[in-house]
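In: Below: sequence and its predicted model.
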Amino acid sequence: MRTEIVLTAVTTEPLDVTAHLTAASHPAAGAVATFIGQVRDHDPDAEGEVEQLEYEAHPDAEDALLAIATRIAAERAVRIAVSHRSGSLAVGDVAVVVAVGSPHRALAFEVCRELIETIKTDLPIWKRQVDAAGRSAWKGLGEDQPPANGGSTSAVTA
């Protein structure tokens, strides 16, 4: 099995988990590890129940996702399928799918975890969390970018 990035996408369309599993599979793969991130109805920073997330992606986000996957996969025998949604997502919607096929489970888990952790910190996608009262807060602005409210990394609006 050789290193292959078989699917990377940043899209407004719903993500197909089965397509990612199929893409990451290979006759030499003894394991396919997955991570499926979905919108939840709560967040420690939210004052009320979360109703939706609005993801905004930089125009180069898909290229950045491919670069992240390529860097993490370098010189490892893995097949990677990874996608992230943009746009408005409701509670329960799938926001990100990572599938990693490899000859052994330890490598599949390791690469899958490294991918999602790097996506969370390096992929230029930001989310606005909207609660039941209509309040919103930007999440994922990162430490390198000054927050919109001049204080914390969550900019809250009413």
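Out: Looks like it arrived, so ask away.
In: Kindly export the one helix or strand residue 108 maps to (C-alpha atoms) in CSV.
Out: Residue 108 belongs to helix 105-122 when assigned by DSSP states H and E. Output of helix 105-122 as CSV, limited to C-alpha atoms (Å, rounded to 0.1, in the frame of the first residue of the first chain):
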residue,chain,number,x,y,z
ARG,A,105,-5.1,0.0,13.1
ALA,A,106,-2.5,1.9,15.2
LEU,A,107,-1.4,3.9,12.1
ALA,A,108,-4.9,4.5,10.9
PHE,A,109,-5.9,5.9,14.4
GLU,A,110,-2.7,8.0,14.6
VAL,A,111,-3.1,9.6,11.2
CYS,A,112,-6.9,10.2,11.7
ARG,A,113,-6.4,12.0,15.0
GLU,A,114,-3.5,14.0,13.7
LEU,A,115,-5.6,15.1,10.7
ILE,A,116,-8.6,16.3,12.7
GLU,A,117,-6.4,18.1,15.2
THR,A,118,-4.5,19.9,12.5
ILE,A,119,-7.7,20.7,10.6
LYS,A,120,-9.1,22.3,13.8
THR,A,121,-6.0,24.5,14.1
ASP,A,122,-4.8,25.1,10.5
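In: contact partners of the helix or strand following that helix?
Out: As assigned by DSSP H and E, the chain's next helix or strand after helix 105-122 is strand 125-131. Strand 125-131 has contacts (C-beta atoms under 8 Å, 6 or more residues apart in numbering) with 10, 43, 45-58, 61, 84, 86, 136-141. C-beta coordinates here come from the backbone N, C-alpha and C atoms, glycine included.
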